[in-house]
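# Okay, structure incoming, though there's no sequence with it:
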């Protein structure tokens, strides 16, 4: 069983939503839906969680996707007005003619096709102060990326995307068979390990249920 998390970053210069989770429509399906061999379910919608902390989709100026698999793009169409932060390779794969080759579901993000993009080919300091940095981490998909956030009280946190899916896989540097590139996936984990040690930062694995159960969830927050 996996968790499925997304995060809202509140910065003095704006709001950044990292990933958009599974589709809110799943909340109306008590038993979820089976897709790509997994059972997906939602107990609490993204919209309701944003509302609970005083925000609505139109308030969010920036959206970053770790990658374009449907459990990260489920509510992407709600944010077509936002500026999208994405590695060039991921954008090319997601909006190309062979998106199914990468296990993408274009219906979940079709409204983004004409959105404004900041197309990346490496790391990106979102607000120019080193506090919120997109980290390139190719491997799981052609343009996978992570997000580093440095908080005044909590310290540095690296949001994993799907660089790794569980603590056990992280410790043993295991790579799922369906990843875009095993070699690049292993290298991304090695690079992340060095980065975490240099920054004395925590790794938050977005799919790890055990870890998720120990962290705060909206309306609670980290600062």
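Yep, it's here. For clarity, every value in this text was computed on a predicted model and none was experimentally measured.
# Now residue 85, what are its backbone angles?
The phi/psi pair for residue 85 (degrees, to the nearest 10) reads phi -100, psi 120.
# you'd agree it is up against residue 116?
No. Look at residue 85 against residue 116 with C-beta atoms under 8 Å: they stay out of range, at 10.5 Å. Heads up, the C-betas are built off the backbone N, CA and C, glycines and all.
# quick one: buried residues of the longest strand seen in the chain?
Scanning the chain for the strand with the most residues, using DSSP state E, yields strand 145-151. For strand 145-151, burial by neighbour count (16 or more other C-beta atoms under 10 Å) applies to 145, 146, 147, 148, 149.
# swap in stretch 57-65?
57, 60, 62, 63, 64, 65.
# can you redo those as TSV with secondary structure, pLDDT and distance to residue 80?
Formatted as TSV, these follow (DSSP: H, G, I helix; E, B strand; the rest coil; pLDDT from 0 to 100; distance: C-beta to C-beta, whole Å):
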residue	secondary structure	pLDDT	distance to residue 80
57	helix	97	9
60	coil	98	11
62	strand	98	13
63	strand	98	10
64	strand	98	15
65	coil	98	13
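# Stretch 87-94 - what's its average pLDDT?
For stretch 87-94, mean pLDDT is 98.
# residues in contact with the helix or strand harbouring residue 92?
Element membership for residue 92, per DSSP states H and E: helix 88-94. The contact list for helix 88-94 (C-beta atoms under 8 Å, 6 or more residues apart in numbering) reads 65, 67-68, 86, 99, 101-102, 104, 106, 109, 117, 119-121, 138, 141-145.
# Just checking, which helix or strand of the protein averages the lowest pLDDT?
When each helix and strand of the chain is scored by mean pLDDT, DSSP states H and E, strand 33-35 comes last, with a mean of 76.
# quick one: strands adjacent to that one?
Sheet pairing for strand 33-35, assigned by DSSP bridges, gives strand 38-40 (antiparallel).
# now the partner strand, how far from the chain's geometric center?
18 Å (C-alpha atoms, centre = their mean, to the nearest Å).
# Then stretch 99-106?
The answer for stretch 99-106 is 16 Å, by C-alpha atoms, centre = their mean.
# next one: stretch 59-76
7 Å.
# can you state the direction angle for the longest helix seen in the chain and strand 145-151?
Criterion DSSP state H: the longest helix present in the chain is helix 182-199. Counting by axes from the mean of the first three to the mean of the last three C-alpha atoms, to 10 degrees, helix 182-199 points 10 degrees away from the direction of strand 145-151.
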